[in-house]
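Colleague: Quick one, structure for this:
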Amino acid sequence: MWRRQGPSSPGTAGADRSRVVLVHGLGGAGKSRLLRQFRDMALGRVPERPVPARVRAAWLDWVDEQRDDPTKYAELAGPSLVTVLDAVQKAVIAALSEDDRAAARAVHAFGGYRHGAARMPQYAARFADVISQGKHAASALTAEDVAVLLRSAVSAGLMATGHPAGALGLTPDQVTAAGQAGGHLSAAAARAVTGRRPGEIPVQEYDLATDPARELTRRVAAAVRTAAGHAPLVIFLDTGEVIGDRAWGWLRRVMRDTGPDVAWVVGARFESEAEAGADSPVAQFVRDIGDQHLIMMSPGRFDDEMIRAYLNGRAGVPGCTDEQIDMIARFTRGLPLAVSFTATLLEEGQPVAEACREVDDGHPSSVVSRLARRYLIHAEKQVYDAGDPRRGDLEKILGLALAYADLRGDPDLLAAMWDTQDPLGDFHDLGRRHDFVLPVSRRLHEDVLVTLRSDLLDPYRRARVREISQRALDLLAARLEQIRRRCPDLDTQLADDGFASTMLSALWHTFWLSNRAGLDLVLTILPLLAAADPPTAAAAVTVTDQFAGTFDPGELAELNLLTRSWRFLTGSRGRRRPSRPVRELKITARGLDLASRQAPAGAGLIGTADDRRAAISILRAQLLTDEHDDSQAITSLRAAAALSPSQALRTAIGDQAHAIASR
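Modeller: Sure, this is the predicted structure:
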């Protein structure tokens, strides 16, 4: 696999392709643990499994990426093309950071990609202008130009930003049709988008305007190939289910063309062809990568002997009879995480029959979830002696379940939540005792996290975690105050790297304290975010919806007044999944009145009072535009412009004025 090849170009022959290892299967089957083992092997950390060549390893966990920047992952369709490719670029460069020359080469290699990615917002801003011009009878732009540009925006995930689809008021059916469009740009449209004369437009620049997904993935593949030119590179992508089918389509394009010195190891909860049919993610990997270059692995389940050996290795587990081992095997379905949970319950003194009491539907995910609940209920009843190492484990596990932000690089937040002086040492001890505590990402296994958060919404358990949230909120409030002192105006706050994530974390922990406090904060900050920073506003709505099921009728009425909501079916390639409620980021007229009257609970959190009033005027103008009352809409926009000097708000004013003029 690592035999050195001579110089080559992407896609010239099968031998020039990268190898891809796809590790897929159920949650709790040990995929992440297997990927970490593979990474240790690649880095030469497993003496009994030596690697013949010097290999570098890049690690990218999509759950951690989502926690680092939740606003970029808030859209239902998943992250945009640039978000996905930026994450790959960052991981590859980080893998080479110990070698200054190699890192510098990698940074330089990705220069072409960065240049193209930087141009996409400019091009997207021109798409709406070009499309609007195409509506005029005297325009040199054609209907085909409109179709090509819309397809370009769809292919790169630019529709999620609200521009140009938002400016044009496109329906979902029109967006879908745009994604299937084809053709070529006319000379007039190419000139309008790129700002160059037709004869001066390089092929790559034309491709960037008409098919950014193809062009940017080509540039990233070329950069990765160059970065691996001096030492083989393995790129690990974990928890791939987070980013969705669209993003995997882009990534498979990159994987095909990174060359024989690069291997990709992908871990995800992908359904197999047997479970999901010919359009399953696994089947798409087979089609796009090819059998010759794809290795598929699904971690095996524990059989009776493996379960016995595992339990014997846990010092606190009493001996089990053959009948009890068989009962554990049948109940856990052999899932390693379920077996681990069962062992923990047995260590805590529960009888095998109680720990393995059957669940309603018997699905593997339900088994893990039910075991997590049984552990929570049991641990709440336990009283440990002062010297028992398990004392305090439950509080720490609940703290991890409540963590909104990425804790890998934030020991201070972990220390505040746990009220400890040695958070990393405590985490190491906790991870050693519990397999569902993940040591690399410093979080809980996803199945356990979802289950515990759901159970913690129970009023009695929610009261138990208020002290944890209050300590976290005190730290986050201090950080926001520091940012506000450093960045006193709205634009610099929005531009600050940590502001949005810190504010969303503060909103999250405020809701854990009480629904009323969280809703008051949402009513204060959401109108400003909706006008000035729609992705962060979408993420704030997502946070709010985590608690909407616990709102009383009055609180739910206020939330429904603020935003519209509807139901739809999620799915891909014709496969339908159960419907779920989704809240549209569309402020209502009555919601604006409610927000304008709302006591300023979070008035000091973002921007100024004038910024907030300007944002409300902008949103009111959008509502008036929807009602075709353009005169009043323009009056409202003028009022907004007079209130605030914020460039973000002025951009929103310009976009709304453009929408009125285009119509």
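
Colleague: residues in contact with residue 86?
Modeller: With contacts defined as Cβ atoms under 8 Å, 6 or more residues apart in numbering, the neighbours of residue 86 are residue 117. For the C-beta atoms, the positions are set from N, CA and C on the backbone; glycine is no exception.

Colleague: swap the cut-off to 10 Å and go again
Modeller: Counting by Cβ atoms under 10 Å, 6 or more residues apart in numbering, residue 86 makes contact with 65, 69, 72, 79-80, 110, 113-114, 117, 220.

Colleague: does it sit in a helix or strand, and which one?
Modeller: Using DSSP states H and E, residue 86 maps to helix 81-95.

Colleague: And for the very next helix or strand once past that helix, what's in contact with it?
Modeller: Counting by DSSP H and E, the element after helix 81-95 in chain order, helix or strand, is helix 100-109. With Cβ under 10 Å, 6+ apart as the test, helix 100-109 has contacts from 56, 89, 92-97, 99, 114, 219-220, 222-231, 233.

Colleague: which regions of the stretch 151-300 of the chain lie under the pLDDT threshold?
Modeller: Segments of the stretch 151-300 of the chain classed as low confidence (criterion: pLDDT under 70) are 151-203, 205-207, 209, 271-279, 300.

Colleague: could you pull out the strands for it?
Modeller: Taking DSSP state E, counting those that start in this stretch to define them, one finds strands in the stretch 151-300 of the chain at 233-238, 262-268, 294-297.

Colleague: Quick check: which of these is nearest to residue 643?
Modeller: Among the strands of the stretch 151-300 of the chain, strand 233-238 comes nearest to residue 643, with 45.8 Å by Cβ to Cβ.

Colleague: Paired strands for the closest one, with orientation please.
Modeller: Using DSSP bridges, the strands paired with strand 233-238 are strand 56-61 (parallel), strand 262-268 (parallel).

Colleague: what's the burial count for residue 486?
Modeller: Burial of residue 486 is recorded as 11 neighbouring residues (other Cβ atoms under 10 Å).

Colleague: hang on, isn't it packed against residue 492?
Modeller: Yes - under the criterion of Cβ atoms under 10 Å, residue 486 makes contact with residue 492 at 7.9 Å.

Colleague: what do the two both touch?
Modeller: Common contacts of residue 486 and residue 492, defined by Cβ under 10 Å, 6+ apart, comprise residue 499.

Colleague: sorry, back to before: drop anything exposed from the contacts of residue 86.
Modeller: Buried members of the contacts of residue 86, scored by 16 or more other Cβ atoms under 10 Å, are 65, 69, 72, 79-80, 110, 113-114, 117, 220.

Colleague: circling back: could I get the contacts of residue 86 as CSV with distance to residue 508?
Modeller: Written out in CSV, the entries for the contacts of residue 86 read as follows (distance: Cβ to Cβ, whole Å):
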residue, distance to residue 508
65, 18
69, 15
72, 17
79, 20
80, 23
110, 33
113, 33
114, 32
117, 30
220, 33
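
Colleague: Mind checking which of those residues land in strands?
Modeller: Counted as lying in strands by DSSP state E, out of these, is not a single one.

Colleague: Filter the residues you listed down to the ones in helices?
Modeller: When these are checked against helices using DSSP state H, the ones located there are 65, 113-114, 117, 220.

Colleague: Apart from its neighbours in sequence, what residue is nearest residue 106?
Modeller: The spatial neighbour of residue 106 that comes closest, neighbours along the chain excluded (Cβ to Cβ, 6 or more residues apart in numbering), is residue 227 at 4.1 Å.

Colleague: ok, the one you found touching residue 113?
Modeller: No - Residue 227 sits out of contact with residue 113 when judged by Cβ under 10 Å, with a separation of 11.4 Å.

Colleague: Buried subset of the contacts of helix 100-109, written for ChimeraX?
Modeller: Here the buried members of the contacts of helix 100-109 are turned into a ChimeraX selection, burial being counted by 16+ other Cβ under 10 Å:
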select :56,89,92,93,95,96,114,219,220,222,223,224,225,226,227,228,229,230,231,233
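
Colleague: Which entry within the ones in helices among the contacts of residue 86 corresponds to the minimum pLDDT?
Modeller: Across the ones in helices among the contacts of residue 86, the member with the lowest pLDDT is residue 117, scoring 83.

Colleague: And for it, nearest residue in space, chain neighbours not counted?
Modeller: Of all residues beyond its chain neighbours, the one nearest residue 117 is residue 82 (4.9 Å), with distances taken as Cβ to Cβ, 6+ apart.

Colleague: so the one you found sits right up against residue 208, yeah?
Modeller: No - the pair residue 82 / residue 208 is not scored as a contact, 11.8 Å apart, by Cβ under 10 Å.

Colleague: residues bridging contact with these two, i.e. touching both?
Modeller: Both residue 82 and residue 208 are contacted by 116-117, 120, 156, 216, under the criterion Cβ under 10 Å, 6+ apart.

Colleague: where does the stretch 351-500 of the chain have low pLDDT?
Modeller: Residues of the stretch 351-500 of the chain meeting the criterion pLDDT under 70: 358-366.

Colleague: So which residues of it form helices?
Modeller: Across the stretch 351-500 of the chain, reading from the start of the chain, the helices by DSSP state H, counting those that start in this stretch fall at 352-355, 364-381, 393-402, 411-418, 423-433, 446-456, 459-464, 466-486, 490-495, 499-513.

Colleague: Next, the angle from the fifth one to helix 411-418.
Modeller: This means helix 423-433. Here helix 423-433 runs at 70 degrees with respect to helix 411-418, directions being taken by axes from the mean of the first three to the mean of the last three Cα atoms, to 10 degrees.

Colleague: which of the residues in helix 423-433 are buried?
Modeller: Residues of helix 423-433 classed as buried under the neighbour-count rule (16+ other Cβ under 10 Å) are 423, 426-427, 429-430.

Colleague: Just list what it packs against, helices and strands only.
Modeller: Applying 3 or more Cβ pairs under 10 Å, 6 or more residues apart in numbering; DSSP states H and E, one finds that helix 423-433 contacts helix 393-402, helix 411-418, strand 437-438.

Colleague: The last one pairs with which strands?
Modeller: Here strand 437-438 is paired, per DSSP bridges, with strand 443-444 (antiparallel).
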